[in-house]
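Q: With the input below, show me the fold.
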Amino acid sequence: MYMILLRFSVNRDKAPERMAGHQDWIRRGMDDGVFLLVGGIRPGQGGAVLAAGPTSEALQ
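A: From the prediction side, this is the model:
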């Protein structure tokens, strides 16, 4: 099990441009059974993912 914390970078203003791709990534992880739980940390701060995988390299 892995806990992945996602934080906004210094390019935070570009987040809306990348949101569709991010949501696709989350959806694929959930559909594949790798992501078990996904949610926000705090509004505007980022998110967290609970994942299952054989190795951290496989998750990356």
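Q: Tell me which residues touch residue 2, please.
A: Contacts for residue 2 (Cβ atoms under 8 Å, 6 or more residues apart in numbering) come out as 50, 51, 52, 53, 56, 59. Every residue, glycine included, has its C-beta placed from N, CA and C.
Q: What values do phi and psi take at it?
A: As for residue 2, its main-chain torsions (degrees, to the nearest 10) stand at phi -140, psi 140.
Q: what pLDDT does it get?
A: At residue 2 the predicted local distance difference test score is 94.
Q: Farthest-apart pair in the contacts of residue 2, please.
A: Using Cβ to Cβ, the pair of those lying farthest apart is 50 and 56, separated by 14.0 Å.
Q: Comparing those two, which residue is more hemmed in?
A: For residue 50 versus residue 56, neighbours defined as other Cβ atoms under 10 Å are more numerous around residue 50 (13 against 10).
Q: avg pLDDT for the longest helix belonging to the chain?
A: Using DSSP state H to assign secondary structure, the helix with the most residues in the chain is helix 15-31. Throughout helix 15-31, pLDDT has a mean value of 92.
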